[in-house]
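In: Give the three-dimensional model of this entry:
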Amino acid sequence: MSQITQRPERRANSLFGPIVLIAIGLFFLFNQFNLLTDLYWLDVLRLWPLLLIFLGLNVLVLQAPRPYASLFSGFISLAAVVMFGYVLLNGLAGTPFSSRLEMGEWQTEPIHFGVEDVNTAVYNITIGPPGADLYALEDSRDLIAGTITYQDEYLFDTHLSGSEATIRLAPQNRSEEWVFLPDYWREFGETNRWQLGLNQNVPADMTLEAVAGRSQLDLRDLQLDSLQLTTNAGDVELLLPGGSYDAHLVTNAGTTEVALPENGRHDLNLEVNAGSVTLHLPSGMALHVEVDRALGSFSASNAGLRQVDGQENVWETPGYDAAQDRLNLTIHISLGSVTVD
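Out: The predicted model follows:
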C-alpha cells in the first residue's frame, strides 16, 4: 500500500512591512527636500492604537488562501499608510483628538553674571537644541557671559553664598518633544548655537547636560575642581584641561569625542548606556584603563595602550606607575562602543 505525502501549503507573504517601510522611506526623502512642512505629529501619536488594529487585521487576512491573503494584506497596508499620512498632513481638526504640537519661535538673548571676591563657581548648565560652544573668557570678571538661542522660555538663575557663586542655566521649552518634529531638525543646524564663556580664573565645580544639537565644550583653559557631563542626544566634543580634578562622563545616546587632559593626575569614570565615545590620549599622558561591559565594545587603537598580561579587561601604557602625569580610567559599557586612540 502506498502512502500519499501531502506537502504543507505555503503561507502567504505579508506585504504590511515592505509597504510601510517604503512609505516611511519616501517620507524622509521628501522631508530632506523641504517638501513636507507643518506636520501634525501629535495627532499621529494619539492614534497609535490604530496601528495595532491594522497589524491585527493583517494577521487575520494572512489566514485566507493564496493569493487572496497577499492581496488583502496589501490593501490593509495601503489603508494604514493613507490614513496615517492623511492625519500627518491634515491633522484631526474638528475632532476631540485634535492637538497640534507646536514650539515657539527661535530667540537670541545675551546673558552675563559677574561678582567680586568669588573663590568657587558652581555651574549647572543644561544644553538643549541647537547646541552650544563653551569656552574660557579672556580678561573678563564675568563668571559667565555670552548669548543663548531658545524657544518659549529659559532659566537663568544665579545665587551668591559667601565666596561661592552658583549659576543655573537651562532651556524651558519642551525639549523632550523635539524628537517628534523632523521639521525642526533642519532648524537646529541653521540656528545659532549658544555661545557661552566661563571665567578662567575662578575654580569651578561643573555639571553639564547635553540634550540635543551639536556642542563643542572647550574647557582647556578653565580651572576645574570637578566635572560631570551627561550626553543624552546629539554630538558632543569635549576638550579637558590639565590640573588635578576628577570627572564623571555619562553617554545615554549620541556621539561623544573627548580630548583627554595633557597633564595632572585624574580619575575619570565613563558610563556608556548607548551611543559611541572616542577618547583621544595625548602623547605625554600615561593611562590605566579598566573596562566592564555588557553588550558594548571596547577597542584600543592607540599604539601605546596594551592589554595587561593575565587581566582580560585591563589596559595600560608603559611606565604608568612611575608617570608624573597619569589618568586612571574606569569604563562601564551597557550598550555602545568606546575607542581609545
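In: where exactly do the helices run in this structure?
Out: 16-32, 41-46, 48-61, 68-90, 182-190 (DSSP state H).
In: just these: most buried one?
Out: Per-stretch averages of neighbours, counted by mean count of other CB atoms under 10 Å, single out helix 41-46 among the helices of the chain, with a mean of 18. Where C-beta positions appear, they are placed from N, C-alpha and C, glycine not excepted.
In: What's the mean pLDDT across it?
Out: Averaging pLDDT along helix 41-46 gives 73.
In: In CSV, list the C-alpha atoms belonging to it.
Out: Provided in CSV are the C-alpha atoms of helix 41-46 (Å, rounded to 0.1, in the frame of the first residue of the first chain):
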residue,chain,number,x,y,z
TRP,A,41,2.9,64.8,14.7
LEU,A,42,0.9,64.8,17.9
ASP,A,43,-2.3,63.9,16.1
VAL,A,44,-0.5,60.9,14.6
LEU,A,45,0.9,59.8,18.0
ARG,A,46,-2.6,60.0,19.5
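In: starting at the chain centroid, how far to that helix?
Out: Mean-position distance between helix 41-46 and its chain equals 23 Å (CA atoms, centre = their mean, to the nearest Å).
In: now stretch 111-126
Out: Relative to its parent chain, stretch 111-126 has a centroid offset of 27 Å by CA atoms, centre = their mean.
In: ok, and what's touching it?
Out: Identification of contacts with stretch 111-126 by CB atoms under 8 Å, 6 or more residues apart in numbering yields 134, 140-148, 156, 158, 160, 163-171, 196, 198-199, 202-209, 211, 225.
In: Pull the number of nearby residues for Asp309.
Out: Neighbour count for Asp309, taken as other CB atoms under 10 Å: 6.
In: begin at 58 from here
Out: OK, 58 is where the count begins now, so the last one is Asp366.
In: pLDDT at it, what is it?
Out: 85.
In: that older thread, of the contacts of stretch 168-183, buried ones?
Out: 191, 197, 200-203, 205, 222-224, 226-228, 253, 255-256, 259-266, 268 (16 or more other CB atoms under 10 Å).
In: Chain neighbours aside, what residue packs nearest to Gln273?
Out: In space, and not counting its chain neighbours, Gln273 is closest to Glu294: 4.7 Å by CB to CB, 6 or more residues apart in numbering.
In: ok, that neighbour - how many residues close by?
Out: Residue crowding around Glu294 was assessed by other CB under 10 Å; the count is 16.
In: quick one: contacts for it?
Out: Counting by CB under 8 Å, 6+ apart, Glu294 touches 272-274, 313-314, 316.
In: Sounds good, over and out.
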